[in-house]
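>>> the following comprises the amino acid sequence and a computationally predicted model.
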Amino acid sequence: GMWQDAKDAEVDERDAWGQLLADLTRHIANGMMKEYGWDYDFTRNKIKSAFLKNFDEKSGNIEGDFLK
């Protein structure tokens with residue numbers, strides 16, 4: 001993992017990935033606000049809703065391995 005292997009890491013890898021996804025969502029919403037004038041909160045919440053709607057979808061197979 002990215003954070004698990006970091007020197008002196010006391011971070012739960014799963015929490016860190018959740019924070020990264022939340023930060024990414026905020027950056028995307030901010031960019032769309034600046035580029036298109038879209039409301040930041042509405043856009044952030046719409047991205048979140050779309051993510052959660054697709055989160056449990058089982059139609060896509062997850063395959064492959066990690067490269068070391």
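Yep, it's here.
>>> against residue 19, how distant is residue 13?
11 Å (Cβ to Cβ, to the nearest Å). Where you see a C-beta, it was placed from the backbone N, CA and C, and this is true even at glycine.
>>> what sits closest to the spatially most central residue of the chain if chain neighbours are left out?
Nearest to the mean C-alpha position of the chain, counting by Cα atoms, centre = their mean, stands residue 21 at 2.0 Å. Leaving aside its sequence neighbours, residue 21 sits nearest to residue 51 (Cβ to Cβ, 6 or more residues apart in numbering; 7.9 Å).
>>> could you give the number of residues near residue 35?
When neighbours are defined as other Cβ atoms under 10 Å, residue 35 has 8 of them.
>>> shaky segments in this protein?
Low-confidence segments of the chain (pLDDT under 70): 1-9, 58-61, 68.
>>> please report how far the residue nearest to the centre of the chain lies from residue 37.
Distance from residue 21 to residue 37, by Cβ to Cβ: 25 Å.
>>> residue 43 now?
10 Å.
>>> for the helix or strand harbouring residue 49, packing partners?
Assigned by DSSP states H and E, residue 49 belongs to helix 40-55. Where contact means 3 or more Cβ pairs under 8 Å, 6 or more residues apart in numbering; DSSP states H and E, helix 40-55 is packed against helix 13-36.
>>> what residues of the helix it packs on count as buried?
Buried residues in helix 13-36, counting neighbours by 16 or more other Cβ atoms under 10 Å, are found at 16, 25, 29, 32, 33.
>>> measure the first one to residue 22 for me?
By that I understand residue 16. For residue 16, the distance to residue 22 - Cβ to Cβ - is 11 Å.
>>> neighbour count: residue 43 and residue 37, which is higher?
Neighbour count, other Cβ under 10 Å: between residue 43 and residue 37, residue 43 has more, with 19 against 7.
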